[in-house]
Every structure is written in C-alpha cells, then in structure tokens.
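Asker: kindly generate the corresponding structure for this input.
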Amino acid sequence: MPEVEGIATSSSPLTVIVTWRVKKGCERDFESWRHEIAAAALKFPGHMGVDVILPHAGTAEYVVVFRFDTYDHLRAWQDSNIRRELLKKAEPFREGPPSYRFEDGLEFWFRRPNLPAPPPVWKMAAVTALGVWPVSMLVPWILGSWIKGLPFYIQSLLVAIGIVIVLTWVVMPVLTKILGFWLTPSKEEK
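Answerer: Presented below is the predicted three-dimensional model:
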C-alpha cells in the first residue's frame with residue numbers, strides 16, 4: 001500500500017478506493033477472489049465494510065471501496081500475510097497493479113472533478129447531516145415490513161447498509177452537485 005501524507009496520523013475512519021483492471025475472460029476468477037479477500041479483511045479489527053462497483057458494459061474495471069476505523073487497523077490489514085498471499089493469487093487475472101486512493105473522514109462523498117480541494121469539514125458535516133436526516137427516516141420505513149421479526153441487531157445492520165447505499169449512490173451525489181457552488185472552498189477556507 002502506498003504511504004499517504006497526513007493519513008498516518010489520522011484517528012478518523014479511512015476509506016480506501018482500489019481500482020482493478022481484470023483481464024478479459026478472468027472475470028469469474030476475479031469475482032471468486034474478491035469474495036475471498038473481502039471475507040479475510042472482515043476478520044481484521046476495525047474493518048467497517050466493503051462495497052464493490054461492478055464494471056460498466058464494455059469495461060473491465062472494478063472499484064472496491066473498503067473502510068477501516070483507524071489508520072493502525074488499516075495498516076495491520078495492509079501488512080498482513082493473508083493479504084499478501086491473496087494479492088499474489090490475483091496476479092494471473094489482473095491487467096496491471098491496482099490503483100489506490102485514500103480518503104479520511106467525510107471526504108469520500110465530496111471528491112468531485114469541479115472541486116479542486118475538499119470543502120471545509122464543517123461544510124461536509126452540514127451537507128452530510130442534511131442527507132442523513134431524510135434517509136434515516138425513509139430507509140427504516142421502506143424496510144420495516146421486510147425486516148420485522150428479525151433480531152434487533154440484524155434489523156439495525158440492514159437499516160445501516162440501506163442508509164449507506166442510498167447516501168453513497170443517490171443522495172450525496174445529488175447534494176454535492178446541487179450545493180457545489182457553496183462547497184467549493186473559498187480562499188480563506190483553503
């Protein structure tokens with residue numbers, strides 16, 4: 001894993017975005033492998049989940065997004081023997097080395113081509129709260145009848161997953177686009 005300036009001292013959650021280009025005809029092998037490495041990573045302390053963005057038609061690019069609660073926990077996973085072994089196992093079906101991008105805190109939702117730098121933390125927190133508020137009411141209402149009767153911790157997990165999915169792929173992209181003029185850091189905020 002490449003070293004990232006400023007992240008080594010971070011005690012906030014970290015998001016790692018890994019882009020993989022898979023050789024044509026090796027997609028099934030990659031799918032099997034990504035389930036294996038995700039299961040291994042989930043056993044490490046501080047792991048907060050994995051999301052995968054599947055390739056669009058005509059591309060072979062997978063985007064894997066995973067989160068750890070602290071840099072030290074991320075580092076333990078990145079330096080582990082199991083991860084090294086699994087990365088070697090992936091070499092035959094990848095086109096080249098994967099690319100890594102790191103985000104700490106809320107910046108993951110606020111990286112946009114039209115924003116040269118992430119907004120100030122207080123603006124990211126305000127927009128995130130604006131997005132979380134309606135979603136945190138909507139998702140439990142939608143899932144309510146389907147998850148009724150499940151143990152509370154399973155209900156909570158499913159609601160949390162639903163909220164993250166809706167925020168990541170629906171609400172935050174819309175809010176950051178609509179509020180882009182306000183989110184762009186002024187000279188005093190940079």
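Asker: and residue 103, what is it in contact with?
Answerer: 14, 15, 16, 17, 111 (CB atoms under 8 Å, 6 or more residues apart in numbering). The way it works is simple: take the backbone N, C-alpha and C, and place the C-beta from them, glycine included.
Asker: so it: helix, strand or coil?
Answerer: strand (DSSP: H, G, I helix; E, B strand; the rest coil).
Asker: beta-bridge partners for it, please?
Answerer: Beta-bridge partners recorded for residue 103 (DSSP bridges): residue 15.
Asker: now it: how far from residue 97?
Answerer: According to CB to CB, to the nearest Å, residue 103 stands 20 Å off from residue 97.
Asker: got it, and residue 19?
Answerer: 10 Å.
Asker: neighbour count: those two, which is higher?
Answerer: Set residue 19 next to residue 97 and count neighbours by other CB atoms under 10 Å: residue 19 wins out with 13 against 10.
Asker: doesn't the more buried one belong to a helix?
Answerer: No: applying three-state DSSP, one finds residue 19 to be strand, outside a helix.
Asker: isn't it up against residue 95?
Answerer: No: with contact defined as CB atoms under 8 Å, residue 19 and residue 95 do not form a contacting pair (10.9 Å).
Asker: quick one: which of the contacts of residue 103 is most hemmed in?
Answerer: For these, neighbours tallied by other CB under 10 Å; top is residue 14, 24 neighbours.
Asker: wait, that one sits on residue 74?
Answerer: Yes: if you go by CB under 8 Å, residue 14 and residue 74 touch, sitting 5.3 Å apart.
Asker: what is in contact with the two at once?
Answerer: residue 68.
Asker: of all residues in this structure, which one is nearest the centre?
Answerer: Taking CA atoms, centre = their mean as the criterion, residue 65 is the residue nearest the geometric centre of the chain, at 3.6 Å.
Asker: for the residue lying closest to that residue once chain neighbours are set aside, which three-state class applies?
Answerer: Leaving aside its sequence neighbours, residue 65 sits nearest to residue 51 (CB to CB, 6 or more residues apart in numbering; 4.5 Å). Under the three-state scheme (three-state DSSP), residue 51 adopts strand.
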